[in-house]
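> got a structure for you, letters missing:
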Ligand SMILES: [Zn+2]
């Protein structure tokens, strides 16, 4: 097994902000699953959750400077980074909200539509790359 407890990993869905360690592993339906625990220095905390292999990749422990930079980003900046990092995948507002752990759906919607209006992103009817719904989606 390549992924060990205590190793630093980042979630592929949001690799710049969802960085943490593997706290535990267990076997579920003949597959190993991994308990992801986000680095507690990040302001936006995701609850611990069981991830599957392929949901994350190994990475270095982030520096304090890096964490401070991420913590100081505004919601539109976070959304922009997320869409650019995952380019050209399209996301619905709900999946952007979940990936970035935003408190309100409206924050994702405003940031995505605002970015589209200023020319940064493309927004329109399409299929969300996460949930597969045919709704209004945004991509970089
Ligand atoms: Zn979605």
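Done, it's in. Everything numeric in this text was worked out from a predicted model, so none of it was measured. Numbers count the residues shown, from 1 in each chain.

> Looking at the record's assignment, how would you partition the protein?
Here the domain parsing of the chain from automatic domain parsing is 8-68, 73-139.

> Provide the secondary structure category for residue 114.
Here residue 114 is recorded as helix under DSSP: H, G, I helix; E, B strand; the rest coil.

> Go ahead and confirm it touches residue 76.
Yes. Using Cβ atoms under 8 Å, residue 114 is in contact with residue 76, at 6.1 Å. Just so you know, the C-beta spots here come from the backbone N, C-alpha and C atoms, and that holds for glycine as well.

> circling back to that earlier point, and among the domains of the chain, the most buried is which?
With neighbours taken as mean count of other Cβ atoms under 10 Å, these reach their highest mean count in domain 73-139, at a mean of 17.

> From one end of that domain to the other, what's the distance?
19 Å (Cα to Cα, to the nearest Å).

> before we move on, back to that, got JSON lines for the domains of the chain, with mean pLDDT and distance to the ion too?
Shown next, in JSON lines, are those (pLDDT from 0 to 100; distance: least, Cβ to the ion, whole Å):
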{"stretch": "domain 8-68", "mean pLDDT": "93", "distance to the ion": "11"}
{"stretch": "domain 73-139", "mean pLDDT": "93", "distance to the ion": "3"}
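
> For the longest strand along the chain, name the packing helices and strands.
Looking across the chain with DSSP state E, the single longest strand is strand 19-28. If you count contacts as 3 or more Cβ pairs under 8 Å, 6 or more residues apart in numbering; DSSP states H and E, strand 19-28 packs onto strand 8-11, strand 31-38.

> how about a cut-off of 10 Å?
Packed against strand 19-28 by the contact rule (3 or more Cβ pairs under 10 Å, 6 or more residues apart in numbering; DSSP states H and E) you find strand 8-11, strand 31-38, strand 49-52, strand 56-58, helix 64-71.

> about what we covered before: need the residues touching each of residue 114 and residue 76.
Both residue 114 and residue 76 are contacted by residue 120, under the criterion Cβ atoms under 10 Å, 6 or more residues apart in numbering.

> which residue lies farthest from the center of this structure?
residue 30 (26.5 Å; Cα atoms, centre = their mean).
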